[in-house]
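Peer 1: Here is a sequence with its predicted model. Questions after.
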Amino acid sequence: MTYIHVPVLLENSLQYLITKPDGVYVDCTLGTGGHFSGIGGRLSPGAFLIGLDADPTAIEHCRASLSIPQKYILETSNFSNLKRICFRAGFPKVTGILFDLGMSSFALDNPQRGFSFNSNGPLDMRFSPEIPVSAGDFINSSSVETMTKTFWNYGEERSAKRIARAIEFARAQKPIETTAELANIVVKSAHSSFPNKTLSRIFQAIRIQVNQELEVLESALQQAIEILEPNGRLVVISYHSLEDRIVKIFMKRESTDCICPPDFPICQCQHHASAEILTRKPVEPSDAEIKSNSRARSARLRALRKKEPDEG
């Protein structure tokens, strides 16, 4: 199958990310290589690129299809290993780091991966086959309380408890094995006027839970700021409020000197700003980009610059 991937906010990403044409750049979410190729197209042949993706099929696709003039390495790995991979490659400091947190069409459009309720497939939803618990495992073994918490915390779904109880009832008759079975249970139990929105929230919540996405993101952002060289750039594209909130809070903290509670009369944290926020408001796709690529609709880009050691 030929995968055609349209990178979201590509020009904006490159504008904020690239500062040195011969630098070292890391794409933490390689996918089908759209952003990776775009970065390579703006750099000199002397630059070096590192691409990460937890999905081995994405890595295989890029190894077969990428064509850029720079030296590069591709690693099958979750970006929670960002720092270790860069160190192992011989780069304790890098020039720019990009995260595009959206689901790639490569995975989303494959029914066998179980990410979408629009096509029937096994309940998997794992970014990597090495993740021990699939969506099916979670749905068929978790308590009503755990599912309710997951649907509310990660999907902000108001009918979370009702849907969790319906799943518990259905799986008592037979295990829930496919995306179509789960979607049918959700739609019937939620009684929503907008069933696709409810399905999107529930599927998102399960995916986040299975892949521990928010915990992994927090860890990777901290690693990113540590390995950026002075004046290096971090660019993050998020697609839902939970991710964007984490990115926003992280960037605000790293660009602030004191992070003590407001009622502390004297600073106790000894925290010093390590970065400067470059996007006071998140960059959003233009109407033209949304029209040509509907999956860009909810994208939000935030960027920061690592400060020089002697900057105040």
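Peer 2: Sure thing, it's come through. Numbering: from 1, shown residues only.
Peer 1: Please tell me I have it right and L123 contacts T179.
Peer 2: Yes - contact criterion C-beta atoms under 8 Å: L123 and T179 qualify, at 6.1 Å. For every residue, glycine as well, the C-beta is placed using N, CA and C.
Peer 1: So for those two, which residue has more residues nearby?
Peer 2: T179 (26 against 23; other C-beta atoms under 10 Å).
Peer 1: mind checking how far that one is from E11?
Peer 2: Distance of T179 to E11, given as C-beta to C-beta, to the nearest Å: 35 Å.
Peer 1: Kindly report the same for G31.
Peer 2: Counting by C-beta to C-beta - G31 and E11 are separated by 18 Å.
Peer 1: quick one, which of those two is more surrounded?
Peer 2: G31 (24 against 11).
Peer 1: Now do the contacts for the more buried one.
Peer 2: The contact partners of G31, taken as C-beta atoms under 8 Å, 6 or more residues apart in numbering, are H5, D53, A58, D100, S104, F106.
Peer 1: what helix or strand is it on?
Peer 2: According to DSSP states H and E, G31 maps onto no helix or strand at all.
Peer 1: could you show me where the helices are in the protein, in order?
Peer 2: 10-17, 34-42, 56-65, 82-88, 105-108, 135-141, 144-155, 160-173, 179-190, 195-211, 213-227, 241-254, 287-292 (DSSP state H).
Peer 1: which helices and strands does the shortest one pack with?
Peer 2: With contacts defined as 3 or more C-beta pairs under 8 Å, 6 or more residues apart in numbering; DSSP states H and E, the packing partners of helix 105-108 are helix 56-65.
Peer 1: what's next to the helix it packs on, contact-wise?
Peer 2: Contact with helix 56-65 is made by 3, 30-33, 36, 51, 53, 74-76, 104, 106-107, 128-129, as judged by C-beta under 8 Å, 6+ apart.
Peer 1: Flag every buried residue along the lowest-mean-pLDDT helix or strand in the chain.
Peer 2: For the chain, counting by mean pLDDT, DSSP states H and E, helix 105-108 ranks last in confidence among helices and strands (a mean of 76). For helix 105-108, the buried set under the neighbour-count rule, 16 or more other C-beta atoms under 10 Å, comprises S105, F106, A107.
Peer 1: Then stretch 157-170?
Peer 2: E157, S159, A160, K161, R162, I163, A164, A166, I167, A170.
Peer 1: And for stretch 48-65?
Peer 2: F48, L49, I50, G51, L52, D53, A54, D55, A58, I59, H61, C62.
Peer 1: Stretch 213-231 too?
Peer 2: Neighbour-count burial for stretch 213-231, with 16+ other C-beta under 10 Å as criterion, is recorded at 213-214, 216-217, 219-221, 223-225, 227-229, 231.
Peer 1: pLDDT averaged over it, what's the number?
Peer 2: Mean pLDDT, stretch 213-231: 97.
Peer 1: Okay, now the unreliable bits of the stretch 201-312 of the chain?
Peer 2: The model of the stretch 201-312 of the chain has pLDDT under 70 over residues 265, 268-270, 312.
Peer 1: again, only this time at 90
Peer 2: For the stretch 201-312 of the chain, the stretches with pLDDT under 90 are 257-273, 293-295, 309-312.
Peer 1: Mind checking the helices of the chain for the one nearest to R280?
Peer 2: Taking C-beta to C-beta, helix 241-254 is the member of the helices of the chain nearest to R280, at 10.4 Å.
Peer 1: So which bits of that closest one are buried?
Peer 2: Buried, per 16+ other C-beta under 10 Å, within helix 241-254: L242, E243, D244, I246, V247, K248, F250, M251, R253, E254.
Peer 1: Check stretch 135-149 too.
Peer 2: Applying 16+ other C-beta under 10 Å to stretch 135-149 flags A135, G136, F138, I139, N140, S142, V144, M147, T148, K149 as buried.
Peer 1: Now do the contacts for F138.
Peer 2: Neighbouring residues of F138 by C-beta under 8 Å, 6+ apart: M147, T150, I206, Q209, V210.
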